[in-house]
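Visitor: sequence and predicted structure below; questions after.
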Amino acid sequence: MSERREQAASERSEPLGEAVLWARGLTKIYQMGEVEVQALRGVDFALHRGELLVLLGASGSGKSTLLNIVGGLDVPTSGQVFYSGQDLSQADDKELTNFRRRNIGFVFQFYNLIPSLTAAENVALVTDIADESLHPRDALALVGLSARADHFPSQLSGGEQQRVAIARAIAKQPKILLCDEPTGALDYRTGIAVLEVLERVNREFGTATAVITHNAPVAEMADRVVSLADGRIISDHKNPARKSPRELAW
Amino acid sequence: MSALDKKLFRDLASLRGQVITIALVVACGIASYIAMRTAYDSLITSRDEYYEKYRFADVFANLKRAPRSLAERIENIPGVVEVQTRVVERVLVPLDKLPRPVSGTIVSVDRHATSQLNGLFLKEGRELDPRHPDEVILIDGFATAHDLRPGSSLPVVINGTLRKLRVVGVALSPEFVMTLAPGQLTYDPGLAPVLWMNHAALEAAFRLEGAFNSVTLRLERDASRAAVLTELDMVLKPYGGIGSVARDKQQSNYMLSGELAQLDSMAGFVPYLFLGVAALLVNVVLSRLVQLQRSSIATLKAIGYDDRAITLHYLKLVSVIVIGGAALGIGVGSYLGRLEMHLYTDQFFRFAEPRYVLAPSAVIFSVAISVASACFGAWFAVRRVATMPPAEAMRPAAPARYRRSLLEVLGVWRFLTPVMRMIWRELSRRPLRLMLSALGIALGVGINVVARSMTDSMDYLIDVQFHRSMREDLNVTFMNPVPRSALSSLRSIPGVHYAESLRSVPVRFRSAHQYRDAVIQGYSDQQALRKLIDDHAIEVSVPEHGMLLTEKLAEILGVRPGERITVEIREGDFRETSVTVAGLVREPFGLSGHMTERSLARLLGDTAPISTALLTVEPNAVESIERRLKTFPTVASVASPQDFKRQFNEQSAAIMNVFMFIMSLFATIIAVGVIYNNARVALSQRDRDLASLRVLGFTKREVAAILFGEQAIQIAISIPLGLYVGRALTIAMMTNADPETYRLPVSISAQTYVFAIGVTLIAAVLSALLLRRKLDQLDLIGVLKTRE
Ligand SMILES: Nc1ncnc2c1ncn2[C@@H]1O[C@H](COP(=O)(O)OP(=O)(O)O)[C@@H](O)[C@H]1O
Ligand SMILES: [Mg+2]
């Protein structure tokens, strides 16, 4: 009872406006042979308009599972996901695809670029099917990769590939950007550069952004920090002030 | 161009090794289908058009002699549209350069008759001039064989008189597409002259003025053939009619049909087999190719592409490959089809105007099968990924779960090197995939066996016929049966070691509504040179009483051992009698009855004259013996099994060999395509593992040993499987053969098996060499950098 009131209070007191994407009571159980792995054990989650949210947690705590479910890449075992009033947990595959196509930009830990397409073409892959999109080269310029537009993924460094992935995610000007450990495979300096791009996109376009990391200092660039442990949310607090990625140190 | 389409072309370019080999497999499947089907269909079309245009008659009948006025009565038989009466007789053509005169047919031509059936296609020269009684038109096959042209003079023994006739034209006739000279086993146009002569001249020569001894009819389309034949036989009986036949039993057409049926037994099986195998293999290979793109498919889906767009993308990818292969296949197939048809029409089936038809239906069918099969494979692979939530599909497949296997439990394990252990674990982890790959290769091995087995059947046929059954050096066929004493005069010819008789009586077997024209062979007590052997080359002894019947013939006629069968004798007094079927014999080809000479004579009520003499002779005396035989007026022909064999080898075997070579080539390409792709996909699937091993310090050799070790084991499994599959397919093909002509037992030579194994091994080595380069260029750094 008191929990409920607390939660309601926190939602009401949210300074950055209403939730664009929110979920209630999410659980996810992976069945691995006879063993059940409970990745999420009842998670309530909200991503608010314009905010930069960092999802923090140790490896295996359920961060990717959560992000995949709210992004429509996976379905929860129970619980609901809402996107501006639409119940995504009831949506079929086709509706989910449409939802992703229109609203979500993804950045994956392992970039997931198409190896046979150049950087610009990988971005074009998304702009081809989006309604209002940036020109692929403009999107690449935003991430500082104009000079590498015609390179294939195999000719790019990890950080560059990740920036292409970000350009691909933002080129369709999505309302929501979901990034799963965007710096996970990168060294410190490249990691910072990638975070700077994300921060700029959030600031300039007002894209609601969720960034997963297991790297605590990254949380300081967020408006709000949600921590997961063992499939549960253990804390949810707002930062008094966002730090610029350049000021982060780990 | 959309980014997705760019991906399409990039993928095609980067996969070119696989793209090319898969396209070639498709091309081979389609080419063999189109080549065989269209060649066969074109032969049928050409024959039908030929028969139609040159008005090949529907009914044929021979008789002793009837006044021409009888034609009117025949015309009144219900269903008869046209009646053509004529004189058809046997003649001898004693060409100087031939060791013996050849027996042929002469046919009267009346250019002013109202009815013109069985028209001539004049290839060279001109029509007969009715004012010149010594003009003849000669059949093309014979003319070509002996270099006779319009203007040549031709010695012909007509009714016992030698005459010098003048060839004015060279022609083809639908009635004599294939003819068998007496004593001949194979069609040799050089030994089967057919002549056409002015009817007045021919009637005079045979004392048949105002009469005819042969009649042919054209019937209404829906006339009852059986009714017409019965009625006609009744009309002709008083005039020495010996039974009429419809088109289907007319000699040339019957032989032609037999040959075509034999061709059909292949054309109705092999093309489907090749097309099907190619389509199946392409399905599997493309499905795996698409599966390799699992992570790309998931990514496309994650960023908002719907299943339709993704599926379409991959369908386009495989369609480009298949359509490319199909274009090549259609080109090559129609070229080979035309070639094959002409091989037949140039030297075997002499049609007036053979026409190659590339039937759109054959093209559409074969391309549709290939495209559908390939697309199904791709679709299936895309589905498997697309139905998963993208989050799951994007995750690199979880580390495979390995189990301890029997081998480990048994303790053999200790003796295996780490590389061998890895191979073993990888294979035993996915036994289904291993079996599928092995089965794919096995099909490739199998069609190699099928392709070569056709030659084996030929060889078997030749062996049985010419080495085991016909043991004589020469056989002498008489114009009419002669007394046994003729044997002693043959024995007295210098160089003749031994002579024995053989009696062949042309008959019509009849039982209920079924009948077949065949021959009864009469064997003497000590028959040494002509053995009755069954389809497994085992000698069968002829019973003292009754008759042995070809098993197939008994089946057609519906008679069983112990039952009686009606026999209409087609020579001498043309009597009708009956005989008990004493037993059945499985003969590899032909339909006949076998009796002792004695009981055959009893059946015929005669003194057992002989129709054929079999001789063994001094090898270098053959020519002088033939010269002597030329002087015997009763001898119709002298032949040697060796000539038949040569003839057979030059004709059927020659065509078959061209054909077999092409089929083997296709089968080889298909096998190479499958083995290469199999290994190529395995490399793609495991390149990360293998590169990681390299990073850990494995040498290139060791890494190659892992990949090729797996492939080698697959191939080792697939070879025996493939030989078995090949044998099963060969049996299926044989079963499909027209049983009235050939009933060959399946005999696959050791060479065929060795060949199929050899092709497979060479393909494997070739694939290994091609992949070795790729293996050496494994991207070691890439492995460490990303997981994609
Ligand atoms: N496909 C899967 N099958 C089984 N277990 C899974 C699967 N995906 C994730 N898990 C398990 O679920 C838990 C949460 O995983 P994940 O969400 O990937 O964690 P994080 O992203 O926080 O590292 C882990 O224990 C992980 O092993
Ligand atoms: Mg994760």
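Guide: Perfect, thanks for sending it. Ligands and ions are numbered 1, 2, ... in the order given.
Visitor: pull the CA atoms of the longest helix belonging to chain A into PDB?
Guide: As assigned by DSSP state H, the longest helix anywhere in chain A is helix A:188-205. Presented in PDB, the C-alpha positions along helix A:188-205 are these (Å, rounded to 0.1, in the frame of the first residue of the first chain):
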ATOM      1  CA  TYR A 188      37.500   4.900 -22.700                       C
ATOM      2  CA  ARG A 189      38.100   7.600 -25.200                       C
ATOM      3  CA  THR A 190      35.900   6.100 -27.900                       C
ATOM      4  CA  GLY A 191      33.300   5.400 -25.300                       C
ATOM      5  CA  ILE A 192      33.200   9.000 -24.300                       C
ATOM      6  CA  ALA A 193      32.900  10.100 -27.900                       C
ATOM      7  CA  VAL A 194      29.900   7.800 -28.400                       C
ATOM      8  CA  LEU A 195      28.300   9.100 -25.200                       C
ATOM      9  CA  GLU A 196      28.800  12.600 -26.400                       C
ATOM     10  CA  VAL A 197      26.900  11.900 -29.600                       C
ATOM     11  CA  LEU A 198      24.000  10.400 -27.600                       C
ATOM     12  CA  GLU A 199      23.900  13.300 -25.200                       C
ATOM     13  CA  ARG A 200      23.800  15.700 -28.100                       C
ATOM     14  CA  VAL A 201      21.000  13.900 -29.900                       C
ATOM     15  CA  ASN A 202      19.000  13.900 -26.600                       C
ATOM     16  CA  ARG A 203      19.700  17.600 -26.100                       C
ATOM     17  CA  GLU A 204      19.200  18.800 -29.600                       C
ATOM     18  CA  PHE A 205      16.300  16.600 -30.800                       C
END
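Visitor: is any part of that helix close to chain B?
Guide: No: using Cβ under 8 Å from any Cβ of the partner chain, helix A:188-205 never reaches chain B; the gap is at least 12.6 Å. For the C-beta atoms, the positions are set from N, CA and C on the backbone; glycine is no exception.
Visitor: who does that helix touch, helix- and strand-wise?
Guide: Contact partners of helix A:188-205 among helices and strands, from 3 or more Cβ pairs under 8 Å, 6 or more residues apart in numbering or on different chains; DSSP states H and E: strand A:52-57, helix A:136-142, helix A:158-170, strand A:176-180, strand A:208-213.
Visitor: of those, which is nearest B:Ala143?
Guide: helix A:136-142 (76.9 Å; Cβ to Cβ).
Visitor: how far away from the center of its chain is that closest one?
Guide: Centroid displacement of helix A:136-142 relative to its chain, using Cα atoms, centre = their mean, to the nearest Å, is 20 Å.
Visitor: now it: mean pLDDT?
Guide: The average pLDDT for helix A:136-142 rounds to 92.
Visitor: and whichever strand or helix holds B:Ala327, anywhere near chain A?
Guide: Element membership for B:Ala327 (DSSP states H and E) is helix B:307-347. Yes: using Cβ under 8 Å from any Cβ, helix B:307-347 reaches chain A at B:307, B:309.
Visitor: which elements pack onto that helix?
Guide: helix A:93-103, helix B:3-14, helix B:16-53, helix B:270-291, helix B:294-302, helix B:360-386, helix B:654-695.
Visitor: just to revisit the earlier point, which of the helices and strands packed on helix A:188-205 sits closest to ligand 1?
Guide: Proximity to ligand 1 (Cβ to the nearest ligand atom) singles out strand A:52-57 among the helices and strands packed on helix A:188-205, at 5.3 Å.
Visitor: got the domain boundaries for chain B?
Guide: For chain B, the structural domains run B:58-253, B:430-464+B:646-788, B:473-639, going by automatic domain parsing.
Visitor: any idea which of these has the lowest pLDDT on average?
Guide: Averaging pLDDT over each of the domains of chain B puts domain B:430-464+B:646-788 lowest, since it has a mean of 84.
Visitor: helix, strand or coil: sort out A:Arg24 for me.
Guide: strand (DSSP: H, G, I helix; E, B strand; the rest coil).
Visitor: I'd say it and A:Gly79 touch.
Guide: Yes: if you go by Cβ atoms under 8 Å, A:Arg24 and A:Gly79 touch, sitting 5.9 Å apart.
Visitor: quick revisit: so which bits of the longest helix of chain A are buried?
Guide: By neighbour count with 16 or more other Cβ atoms under 10 Å in any protein chain shown, helix A:188-205 contains the buried residues A:190-199, A:201-202, A:205.
Visitor: quick check: mean pLDDT across that helix?
Guide: According to the model, helix A:188-205 has a mean pLDDT of 89.
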